[in-house]
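**Q** Dropping the sequence and predicted coords here.
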Amino acid sequence: MPTSGSGGGSGTPARDASAAAKEEDWNKAIEGFRKAAEMDRKFTANLAIAYQQRAYSFSKDQRFQDALNDLNESLKIKPGDARAFEMRAAIYMRINDYDNALSDYAEAMKASPDEIKYRNYRAYIYETRGKLDEAMAENDAALKINSKNKEALDRKARLQKIKASMGPQQPANAPGVPAPPKKP
C-alpha cells in the first residue's frame with residue numbers, strides 16, 4: 001500500500017527525482033533520474049546534474065572522495081562538462097592535489113575557452129607553487145580574454161614585483177660567474 005507524503009512514487013521517475021532533488025535527497029534523486037534516463041535518454045543531463053549536486057553536498061561535509069566519485073560519474077554521463085571539471089578541480093585544490101586540479105582546469109578551458117576564471121585558478125596554483133613563469137603565462141592568457149580583469153591585473157603586478165625582487169637569475173657556473181670557492 002503506497003504511503004502518502006512527498007516523493008511517494010505517485011509520479012514518473014523523473015517527477016519523483018525532481019521532487020527529491022528539491023528536497024536535497026540526492027540518493028533518491030540520482031536513483032530516480034537513473035531510472036528515467038533508462039526509459040528516455042533526455043533525462044541523462046538531469047542525472048549528471050544530480051550527481052554534481054550530491055558531490056557539492058559531499059564536499060561541504062568534507063567527504064571529498066565521495067564527491068570526487070560523483071563527479072567522475074557525472075563526467076561519464078556528460079563528458080566535457082566544464083562545470084563538473086571545475087567542481088572536481090576545486091576539490092582537488094582542497095586536498096592539495098594541485099596536479100589534478102591543473103589538469104581539470106585545463107579540461108574546463110577546452111569546454112569553455114572564453115571563461116577567464118579557469119586561467120585565473122591555474123595562475124593562482126602556479127603562483128602558490130612558486131612557478132612564476134607558468135603563473136605569468138596563465139595570467140597573460142587570462143588578460144587576453146579580459147584585459148580589465150581585476151584579479152588578473154592584481155596578480156600581474158604582484159608577479160612582476162616578486163620577479164623584480166629576485167633579480168636576474170644566473171646558474172652557479174654561468175659564463176662570467178666564478179665557481180664557488182673550494183673548501184680546503
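**A** Perfect, thanks for sending it. Residues are numbered from 1 along each chain as shown.

**Q** Kindly give the local confidence score, pLDDT, for G167.
**A** Looking at G167, its pLDDT stands at 72.

**Q** meant to ask about N96
**A** Predicted confidence (pLDDT) for N96: 96.

**Q** Over to R15?
**A** For R15, pLDDT reads 78.

**Q** So it, which state does it fall into?
**A** helix (DSSP: H, G, I helix; E, B strand; the rest coil).

**Q** That one: neighbour count?
**A** Neighbours of R15 under the rule other C-beta atoms under 10 Å: 14. C-beta coordinates here come from the backbone N, C-alpha and C atoms, glycine included.

**Q** and stretch 105-125, which residues are buried?
**A** 105, 107-109, 111-112, 115-125 (16 or more other C-beta atoms under 10 Å).

**Q** now swap in stretch 66-75 and tell me
**A** 67-68, 70-71, 73-75.

**Q** what's the farthest-apart pair in those residues?
**A** The distance between the two most remote of these (C-beta to C-beta) is 12.7 Å, for A67 and L75.

**Q** still on that earlier bit, of the buried residues of stretch 105-125, which belong to helices?
**A** With helices taken from DSSP state H, the overlap with the buried residues of stretch 105-125 comprises 105, 107-109, 111, 116-125.
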